[in-house]
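Enquirer: sequence first, predicted coordinates after that:
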Amino acid sequence: MASFKRQYPYMFPSFAMQPIPSTDAEQVGKIAEDWKVWTGIDDVTKLSPWRPSDKLDDWHAGVSIANPQKATKENRGATFVVNGGFVEHAGDATCADAFAEIIMIAKTPHTRPMVFLCRDDDGHNCVEAVALRGMLDEWLKNKVGGYENQDHRTFVFPYIPRRPMLTDGLKKKPLGGEAIASDLIPFGDCGEVATYTGLTTDFILPLAQKIAEDFALSFPSSDKNPLKEWDKRPAWDRHSNLMAATHANVKLRALNLRIVPSSTVGDVDKSLLTDVTNRAEKYAVTRKVAKEPANDQPTPPQAEARAAYTEMTESRRKDIDIFEVIARMEHNRWMAERLLADWTFGDKKEHRYSRFTIADWEHIPDNELVKDANQVARLLKFFKPDGTSEVGKTKVIPVVDLPPQNAATSAAPVKTGSPGTIMQS
């Protein structure tokens, strides 16, 4: 745990929120008092990873910024990534103390546990997963195999990267062909994720390079903001753009779209992205206008946009909500990425790896809100209206049109929505 803490000092609350070393007794007392207000716990060391405080579930936990437009170093931004922690116990997940805690979490309102079994021994993970699944079913399900309360549903994920027959055995019964349990899901099988097509048509790097180039072009050309070649960019900058590219499909999934290799079978819709792109651009404009300070005599474009926003239909407002979720998602992704890279809230003029924008959505300046609002429109600009692109030989298609991974054994994909509608899972 000590080495993990050194590598990721802002991962968990118990790491990031301990009072910083200081000779200023008043400052130390203020931090301790804030901690008590946020969590209801007097001492950070008393925080149980098994039962984390629900007050720390939101990004704004501990954030204190009086004026987001003019944050100062005396303010406090986000300080941790995940509301969790480490716990050490003897035995497997099936031992009495660990199992009792899992059951307690499963029965906690608004909480759904997922158990990942990640020992080095595939066989051990498989056996432990089956045993734990049986114990959970006995405690949480009724006699006919259903959950007494769907909120108690608990998933078990055994890590089985080297023995595909074990994976197949967990997915199907030897004779019946039915899954052993829908809540027992093995992962790590290289045969499922490292396909020839996937390895030879990877779009992450070319998309990351496009994102970096597009962002650089948004700045005026000068000695301070040169359009550097990808290989000459600093390592942290390349990493950041790679992470943004990796997250592209997560954003598009909210719109029921997905980036796939251009060789993927599917009919071409010449106007697939036209409507979604227009809506994304309209949202960005709406967010920009909504954040501009009102004045007595707004310019005609501002007045027109405000009038359109006021008269907006309910369906249009719901449409805005979709892109608002994606914009928030992008800001949270960026903030988590920076915190894990040891960045902190603060003035970049004083510390290269500090930003006043390392704070929750409600406490960042307007220009950052607009930047996040533009993310979907900027992503879609790399693709043509029909979804095709030269970026890594890829294209965008509706999720409902994805073919099954194994046509011989998989059923036809279920249509769960249409392009541009928000998906919930």
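Expert: Nice, thanks for sending it over.

Enquirer: just the pLDDT for residue 156.
Expert: You'll see residue 156 listed with a pLDDT of 94.

Enquirer: helix, strand or coil for it?
Expert: strand (DSSP: H, G, I helix; E, B strand; the rest coil).

Enquirer: show me the beta-bridge partners of it.
Expert: Beta-bridge partners for residue 156, by DSSP bridges, are residue 115, residue 184.

Enquirer: what is the neighbour count of it?
Expert: 25 (other CB atoms under 10 Å). Where you see a C-beta, it was placed from the backbone N, CA and C, and this is true even at glycine.

Enquirer: quick one, what contacts it?
Expert: Applying CB atoms under 8 Å, 6 or more residues apart in numbering to residue 156 gives the contacts 114, 115, 117, 129, 132, 133, 136, 183, 184, 185.

Enquirer: and the fourth one, what does it touch?
Expert: Contacts were defined as CB under 8 Å, 6+ apart; by that measure residue 129 touches 117, 156, 157, 158, 170, 184, 186.

Enquirer: tell me the most packed of those residues, by neighbour count.
Expert: Highest neighbour count within the contacts of residue 129: residue 158, with 27 neighbours (other CB under 10 Å).

Enquirer: how about the contacts made by that one?
Expert: 117, 125, 126, 128, 129, 170, 184, 186, 187.

Enquirer: apply 7 Å and report the result again.
Expert: Listed by CB atoms under 7 Å, 6 or more residues apart in numbering, the contact set of residue 158 reads 117, 125, 126, 129, 186.

Enquirer: again, but for residue 187
Expert: Residue 187 makes contact with 157, 159 under the criterion CB under 7 Å, 6+ apart.

Enquirer: now residue 213: which helix or strand?
Expert: Using DSSP states H and E, residue 213 falls within helix 204-217.

Enquirer: report the rounded mean pLDDT for that helix.
Expert: Helix 204-217 comes out at a mean pLDDT of 86.

Enquirer: buried stuff in that helix?
Expert: By 16 or more other CB atoms under 10 Å, the buried positions in helix 204-217 come out as 204, 206, 207, 208, 209, 210, 211, 212, 215.

Enquirer: which one of the residues you listed sits closest to residue 382?
Expert: Nearest to residue 382, judged by CB to CB, of those is residue 210 at 5.4 Å.

Enquirer: may I ask which helix or strand of this protein has the lowest mean pLDDT?
Expert: helix 300-310 (a mean of 50; mean pLDDT, DSSP states H and E).

Enquirer: turn the contacts of residue 156 into CSV, including distance to residue 343.
Expert: Listed next are the contacts of residue 156 as CSV, based on distance: CB to CB, whole Å:
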residue, distance to residue 343
114, 28
115, 31
117, 32
129, 37
132, 38
133, 40
136, 39
183, 37
184, 38
185, 34
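
Enquirer: can you flag the buried ones in these?
Expert: Neighbour-count burial (16+ other CB under 10 Å) is assigned, among those, to 115, 117, 129, 132, 133, 136, 183, 184, 185.

Enquirer: for these, which one is nearest residue 107?
Expert: Lowest distance from residue 107 to the buried ones among the contacts of residue 156 (CB to CB) belongs to residue 136, with 11.6 Å.

Enquirer: could you check how far that closest one is from residue 397?
Expert: Taking CB to CB, to the nearest Å as the measure, residue 136 and residue 397 are separated by 37 Å.

Enquirer: and the contacts of the helix holding residue 213?
Expert: Outside helix 204-217, the residues touching it (CB under 7 Å, 6+ apart) are 227, 230, 233, 241-242, 244-246, 248, 378, 382, 391-392.

Enquirer: just the buried members of these?
Expert: Buried residues within these, counting neighbours by 16+ other CB under 10 Å: 233, 241, 242, 244, 245, 248, 378, 382, 391, 392.

Enquirer: burial measure for the residue lying closest to residue 113 once chain neighbours are set aside, as a count.
Expert: If the residues on either side of it in the chain are set aside, residue 113 comes closest to residue 105, at 4.4 Å by CB to CB, 6 or more residues apart in numbering. Residue 105 has 18 neighbouring residues, counting by other CB under 10 Å.

Enquirer: quick one: contacts for residue 105?
Expert: Listed by CB under 7 Å, 6+ apart, the contact set of residue 105 reads 50, 111, 113.

Enquirer: would you turn the residues you listed into CSV with distance to residue 10, secondary structure and pLDDT?
Expert: Below are the contacts of residue 105 laid out as CSV (distance: CB to CB, whole Å; DSSP: H, G, I helix; E, B strand; the rest coil; pLDDT from 0 to 100):
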residue, distance to residue 10, secondary structure, pLDDT
50, 21, coil, 82
111, 23, coil, 80
113, 24, coil, 84
